[in-house]
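A.B. asks: Structure for this input, please:
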Amino acid sequence: MSYDEYWRMDCELVRAYRKAYEYKQEYDNSQLWLQGLYIYRAIEAQRPGWVFYGKKSPKPEKYMDKPLAVTKAMQEKYAHEETMKMAEQFRQAFRSRNNKFKEQATEGGEDTDG
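C.D. replies: So this is what the prediction gives:
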């Protein structure tokens, strides 16, 4: 943002420039993540042939599932996604446990009736 734009133009222009900068950071971060994934896959493909590891090569490390959160909005988005993922796991565990209790109750009820 130039001096003239800052002092002589609309004050809302500052927010637009800041938002554009955040979008650019997010885009650049995604591009670097993708580049890292390509490099990782290339190195991972060569790992079994390395003589430095002896007879058995180590298991390759898992690469990140998504880019690092560089903006506050991305951090909040990732935190929300993690919360939703944990809530879904809790729901599934609760349902399976509830089904087990129902099965045990029906089995126990049949034994007492007969």
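A.B. asks: how's the chain carved up into domains?
C.D. replies: According to automatic domain parsing, the chain comprises the domains 1-68, 71-114.
A.B. asks: Let's have those domains in a markdown table, adding mean pLDDT.
C.D. replies: Shown next, in a markdown table, are the domains of the chain (pLDDT from 0 to 100):
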| stretch | mean pLDDT |
| --- | --- |
| domain 1-68 | 77 |
| domain 71-114 | 82 |
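A.B. asks: The ones you listed into CSV, with extra columns for mean neighbour count?
C.D. replies: To be clear about C-beta, it is placed using only N, CA and C from the backbone, and glycine gets the same treatment. Below are the domains of the chain laid out as CSV (neighbours: other Cβ atoms under 10 Å):
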stretch, mean neighbour count
domain 1-68, 11
domain 71-114, 10
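A.B. asks: what's near enough to touch the residue most central in space within the chain?
C.D. replies: Nearest to the geometric centre of the chain sits Lys66, at 4.9 Å (Cα atoms, centre = their mean). Residues in contact with Lys66 (Cβ atoms under 8 Å, 6 or more residues apart in numbering) are 33, 78.
A.B. asks: helix or strand for it, which one?
C.D. replies: Under DSSP states H and E, no helix or strand contains Lys66.
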